[in-house]
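In: return a 3D structure for these sequence lines:
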Amino acid sequence: MLQTILKLSEVSLLDKKIFDDYLKKLDSQVSELNFTNFYMWRDYYKIRYSIINEFLCIISIGEDKPFSYFPIGDYSNIENLKIAIYSIRDYFYQHNWEFIMCRVSAQQISVLEDLDIRFTSKEDRDNFDYIYYVQKLSTLKGKKLDGKRNHINKFKKLHTFSYEEISDKNISDCIDILEKWSIQRNYSEDESLIAERKANLDLLNNYKLLNVKGALIRVDGKPEAFTIGEMLNSNTVVIHVEKANSTINGLYTLINQQFLTNRWNGVEYVNREQDLGISGLRKAKLSYNPAMLLEKFTVELC
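Out: Numbers count the residues shown, from 1 in each chain. Sure thing, here's the model as predicted:
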């Protein structure tokens, strides 16, 4: 018998296969739609999930404003999808919450249009994903990326570096880099930085179980940068974290280029996530000349 009432569970490492099975079939390029992301941020966003009529239903009940993701499953099964959406809506109403769905992709908007459900949608520009061609960020060829090549060339004139895959032998070096990065930014005085530090520590401490891939850069013999990513869908890798000593000019550009070249050279696209409306971050992401901005929407039922 199919479940039609939302019975929420917290996200644990034991749920990875459930999430992976549903998300693999969806084959989405949306950066949030992978188990690692939900696990890393499970506490900050208070992520909960349930299976309703063979649809994976994920909601955030965080203190700010609760929201739902669009249910994930076989979108050709219209009636079951409707039941899943209405089950989530009823749960929100029972708790006197406004029912909104966030991080909804254009693909999912199209599905919703076929359900005969009245709704409104609004672009969520701050959460658009920046998607690039892996080959272009690996080679940095072309006039638009001249500045990035120059950053790396200047770095190489001043420093030596080595590239290592993350393993049991150097995971502690990555944790040290994260701690230094956090302390430099006075993380204990900023709730979002406290959450980011915890999310990254959870990722590093469960590196093998999450089945992600990462790289460490040593500069002049010292560990100074690390990055971690994984395949997001059939042709796109997502970068979950990239941390470096910001006092070393060109290091962020270098680790980005080196990770794609050494680990993901056969993949077509790389998703480097959103800019969250931060002007400096937006400028930096646009400077890499994205192949596309993946639109996301906030949806309300009428």
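
In: could you use CA atoms for every contact and neighbour count after this?
Out: Will do.

In: any buried residues in stretch 92-104, and which?
Out: 92, 99-104 (16 or more other C-alpha atoms under 10 Å).

In: and the end-to-end length of it?
Out: Terminal residues of stretch 92-104 are spaced 18 Å apart (C-alpha to C-alpha, to the nearest Å).

In: what's in contact with that stretch?
Out: Defining contact as C-alpha atoms under 8 Å, 6 or more residues apart in numbering, one finds that stretch 92-104 is touched by 32, 66-70, 89, 124, 127, 296-301.

In: ranges for the helices of the stretch 201-302 of the chain?
Out: 207-210, 251-263, 279-286 (DSSP state H, counting those that start in this stretch).

In: elements contacting the top strand by length along the chain?
Out: Identified as the longest strand of the chain according to DSSP state E is strand 222-233. Secondary-structure packing of strand 222-233 (3 or more C-alpha pairs under 8 Å, 6 or more residues apart in numbering; DSSP states H and E): helix 171-184, strand 213-219, strand 236-244, helix 251-263.

In: could you redo the last one with a cut-off of 7 Å?
Out: Other helices and strands packing on strand 222-233, by 3 or more C-alpha pairs under 7 Å, 6 or more residues apart in numbering; DSSP states H and E, are helix 171-184, strand 213-219, strand 236-244.

In: which residues touch V267?
Out: V267 sits next to 134, 235-236 when contact means C-alpha atoms under 7 Å, 6 or more residues apart in numbering.

In: so which of those residues comes closest to K144?
Out: V134 (15.2 Å; C-alpha to C-alpha).

In: run a quick neighbour tally on the closest one.
Out: 23 (other C-alpha atoms under 10 Å).

In: and the gap between the spatially closest residue to it that is not a sequence neighbour and K141?
Out: Computed as C-alpha to C-alpha, 6 or more residues apart in numbering, the closest residue to V134 that is not its neighbour in sequence is Y269, at 5.1 Å. Y269 sits 16 Å away from K141 when distances are taken as C-alpha to C-alpha.

In: so which of the two has more stuff around it?
Out: Counted by other C-alpha under 10 Å, Y269 and K141 do not tie: Y269 has more neighbours, with 25 against 13.

In: the more buried one against S234, yeah?
Out: No. Y269 is beyond contact range of S234, at 9.8 Å (criterion: C-alpha atoms under 7 Å).

In: so what's S188 scoring on pLDDT?
Out: Per-residue confidence (pLDDT) for S188: 87.

In: can I assume it sits in a strand?
Out: No. S188 sits outside any strand when classified using DSSP: H, G, I helix; E, B strand; the rest coil, being helix.

In: how is this structure divided into domains?
Out: Here the domain parsing of the chain from automatic domain parsing is 9-128, 130-273.
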